[in-house]
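[1] Okay, sequence plus prediction incoming.
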Amino acid sequence: MAYKGRFYPSNPKKYKGDSRNIIYRSLWERKFMVYCDLNQNVLEWGSEEIIIPYKSPIDNRWHRYYPDFFIRVKEKSGSIKTYIIEIKPKKQVKEPKKNPTKKTKEWVNEVYTWGVNQAKWDAAKEFCEDKLWEFKILTEDDLGI
(Lines give C-alpha, C1' and ligand atoms only; values in the text may rest on other atoms or scores of the structure.)
Protein backbone atom coordinates (compact mmCIF):
# COMPACT_ATOMS: atom_id res chain seq x y z
CA MET A 1 0.00 0.00 0.00
CA ALA A 2 3.01 2.36 0.15
CA TYR A 3 3.19 2.88 -3.63
CA LYS A 4 2.61 6.40 -4.87
CA GLY A 5 2.89 8.07 -8.23
CA ARG A 6 1.31 10.03 -11.07
CA PHE A 7 -1.39 8.65 -13.31
CA TYR A 8 -1.61 9.72 -16.95
CA PRO A 9 -5.06 8.92 -18.38
CA SER A 10 -5.63 7.65 -21.90
CA ASN A 11 -8.92 9.58 -21.92
CA PRO A 12 -8.12 12.92 -20.24
CA LYS A 13 -11.45 14.44 -21.32
CA LYS A 14 -13.25 12.06 -18.94
CA TYR A 15 -11.29 13.41 -15.98
CA LYS A 16 -12.94 16.12 -13.87
CA GLY A 17 -10.06 18.34 -12.77
CA ASP A 18 -6.47 18.72 -13.91
CA SER A 19 -5.71 15.52 -15.82
CA ARG A 20 -1.98 16.37 -15.72
CA ASN A 21 -1.92 16.21 -11.92
CA ILE A 22 -3.52 12.91 -10.88
CA ILE A 23 -1.79 11.29 -7.90
CA TYR A 24 -2.38 7.76 -6.63
CA ARG A 25 -1.41 6.84 -3.09
CA SER A 26 -1.65 3.06 -3.47
CA LEU A 27 -1.62 0.48 -6.23
CA TRP A 28 -5.28 -0.17 -5.38
CA GLU A 29 -6.10 3.46 -6.23
CA ARG A 30 -4.08 3.16 -9.43
CA LYS A 31 -6.00 0.02 -10.41
CA PHE A 32 -9.28 1.89 -9.90
CA MET A 33 -7.97 4.84 -11.96
CA VAL A 34 -7.20 2.51 -14.88
CA TYR A 35 -10.74 1.09 -14.55
CA CYS A 36 -12.30 4.57 -14.60
CA ASP A 37 -10.14 5.72 -17.49
CA LEU A 38 -10.78 2.72 -19.74
CA ASN A 39 -14.34 1.68 -18.86
CA GLN A 40 -16.77 3.13 -21.41
CA ASN A 41 -19.59 3.20 -18.85
CA VAL A 42 -17.62 5.60 -16.63
CA LEU A 43 -18.59 8.92 -18.18
CA GLU A 44 -16.66 11.19 -15.84
CA TRP A 45 -14.33 10.73 -12.88
CA GLY A 46 -12.04 12.60 -10.52
CA SER A 47 -9.54 11.75 -7.80
CA GLU A 48 -9.56 13.80 -4.60
CA GLU A 49 -11.36 16.62 -6.43
CA ILE A 50 -14.29 16.95 -3.98
CA ILE A 51 -14.03 18.48 -0.51
CA ILE A 52 -16.39 17.37 2.27
CA PRO A 53 -16.20 19.10 5.68
CA TYR A 54 -16.36 16.84 8.74
CA LYS A 55 -15.98 17.26 12.48
CA SER A 56 -13.26 15.09 13.99
CA PRO A 57 -14.15 13.20 17.16
CA ILE A 58 -10.48 13.44 18.18
CA ASP A 59 -10.10 17.23 18.44
CA ASN A 60 -13.77 18.29 17.94
CA ARG A 61 -12.67 20.62 15.11
CA TRP A 62 -13.72 20.90 11.50
CA HIS A 63 -11.47 19.33 8.87
CA ARG A 64 -11.64 18.71 5.11
CA TYR A 65 -12.10 15.23 3.67
CA TYR A 66 -11.04 14.54 0.09
CA PRO A 67 -12.69 11.24 -0.90
CA ASP A 68 -10.58 9.08 -3.18
CA PHE A 69 -12.90 9.21 -6.19
CA PHE A 70 -15.93 10.79 -7.77
CA ILE A 71 -17.42 8.84 -10.70
CA ARG A 72 -20.43 9.33 -12.94
CA VAL A 73 -21.52 6.02 -14.44
CA LYS A 74 -23.99 4.87 -17.06
CA GLU A 75 -25.82 1.97 -15.39
CA LYS A 76 -27.04 -1.16 -17.22
CA SER A 77 -30.56 0.29 -17.10
CA GLY A 78 -29.32 3.31 -19.07
CA SER A 79 -29.67 5.73 -16.14
CA ILE A 80 -26.75 7.89 -15.01
CA LYS A 81 -25.58 7.49 -11.39
CA THR A 82 -22.95 9.36 -9.41
CA TYR A 83 -20.79 7.79 -6.72
CA ILE A 84 -18.24 8.92 -4.18
CA ILE A 85 -15.74 6.09 -3.73
CA GLU A 86 -13.30 5.52 -0.88
CA ILE A 87 -10.69 2.77 -1.21
CA LYS A 88 -9.51 1.24 2.07
CA PRO A 89 -7.85 -1.95 3.26
CA LYS A 90 -10.36 -4.45 4.63
CA LYS A 91 -8.86 -4.18 8.11
CA GLN A 92 -9.70 -0.45 8.25
CA VAL A 93 -13.40 -0.91 7.53
CA LYS A 94 -13.91 -3.12 10.58
CA GLU A 95 -14.27 -1.62 14.04
CA PRO A 96 -11.33 -2.42 16.35
CA LYS A 97 -11.93 -4.61 19.39
CA LYS A 98 -13.63 -2.65 22.17
CA ASN A 99 -11.62 -3.99 25.13
CA PRO A 100 -8.50 -5.88 24.06
CA THR A 101 -6.43 -7.61 26.71
CA LYS A 102 -3.49 -5.32 25.81
CA LYS A 103 -4.01 -1.73 24.75
CA THR A 104 -1.02 -1.45 22.45
CA LYS A 105 0.07 1.61 20.48
CA GLU A 106 -1.18 -0.18 17.35
CA TRP A 107 -4.63 -0.65 18.91
CA VAL A 108 -4.78 3.03 19.95
CA ASN A 109 -3.92 4.02 16.36
CA GLU A 110 -6.64 1.70 15.02
CA VAL A 111 -9.22 3.27 17.36
CA TYR A 112 -8.13 6.77 16.34
CA THR A 113 -8.25 5.90 12.62
CA TRP A 114 -11.64 4.22 13.02
CA GLY A 115 -13.12 7.28 14.76
CA VAL A 116 -11.83 9.72 12.18
CA ASN A 117 -12.90 7.47 9.28
CA GLN A 118 -16.40 7.11 10.73
CA ALA A 119 -16.73 10.90 10.94
CA LYS A 120 -15.52 11.27 7.35
CA TRP A 121 -17.80 8.54 6.05
CA ASP A 122 -20.85 9.88 7.89
CA ALA A 123 -20.19 13.31 6.37
CA ALA A 124 -19.76 11.73 2.91
CA LYS A 125 -23.03 9.79 3.23
CA GLU A 126 -24.89 12.97 4.19
CA PHE A 127 -23.20 14.90 1.35
CA CYS A 128 -24.24 12.19 -1.13
CA GLU A 129 -27.83 11.96 0.17
CA ASP A 130 -28.26 15.71 -0.40
CA LYS A 131 -27.20 15.29 -4.04
CA LEU A 132 -28.90 11.92 -4.65
CA TRP A 133 -25.48 10.31 -5.08
CA GLU A 134 -24.19 7.14 -3.45
CA PHE A 135 -21.19 6.66 -1.15
CA LYS A 136 -19.27 3.37 -1.39
CA ILE A 137 -16.20 1.99 0.33
CA LEU A 138 -14.22 -0.47 -1.76
CA THR A 139 -11.66 -2.91 -0.32
CA GLU A 140 -9.12 -5.20 -1.95
CA ASP A 141 -11.93 -7.77 -2.23
CA ASP A 142 -14.02 -5.41 -4.38
CA LEU A 143 -11.00 -4.63 -6.55
CA GLY A 144 -10.25 -8.30 -7.12
CA ILE A 145 -6.90 -8.18 -5.34
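    Arrived safely, thanks for sending. Numbers count the residues shown, from 1 in each chain.
[2] ok, now how distant is the residue of the chain positioned farthest from its centre from Glu110?
    What lies farthest from the middle of the chain is Thr101; by Cα atoms, centre = their mean that is 32.0 Å. Going from Thr101 to Glu110 by Cβ to Cβ, to the nearest Å gives 15 Å. (C-beta placed from N, C-alpha, C; glycine too.)
[3] Then Tyr83?
    From Tyr83 over to Glu110 (counting by Cβ to Cβ), the distance is 27 Å.
[4] rewinding a little: you'd agree the residue farthest from the centre of the chain is in a strand?
    No: read with DSSP: H, G, I helix; E, B strand; the rest coil, Thr101 is coil and lies in no strand.
[5] And the residue nearest the centre of the protein?
    Computing the C-alpha centroid of the chain and ranking residues by Cα atoms, centre = their mean puts Glu86 first, at 1.6 Å.
[6] Would you agree Pro12 is in contact with Ser19?
    Yes: at 3.7 Å, Pro12 and Ser19 qualify as touching, with contact defined as Cβ atoms under 8 Å.
[7] These two: which is more packed in?
    Taking other Cβ atoms under 10 Å, Pro12 and Ser19 do not tie; Ser19 has more neighbours (16 against 12).
[8] for Phe69, what are its contacts?
    Residues counted as contacts of Phe69 (Cβ atoms under 8 Å, 6 or more residues apart in numbering) are 32, 36, 45-47, 83-87.
[9] Tell me which stretches of the protein form strands.
    Remark: strands assigned in the chain by DSSP state E are 5-7, 22-24, 42-47, 52-55, 62-65, 69-74, 80-87, 134-138.
[10] ok, so what distance separates the residue nearest to Trp133 when sequence neighbours are not counted from Trp62?
    Nearest residue to Trp133 in three dimensions, chain neighbours excluded: Thr82, at 4.3 Å (Cβ to Cβ, 6 or more residues apart in numbering). Using Cβ to Cβ, Thr82 is found at 25 Å from Trp62.
[11] neighbour-wise, which of these two wins?
    The neighbour comparison of Thr82 against Trp62 (other Cβ under 10 Å) goes to Thr82, with 15 against 10.
[12] for that one, what are its contacts?
    Counting by Cβ under 8 Å, 6+ apart, Thr82 makes contact with 70-73, 131-134.
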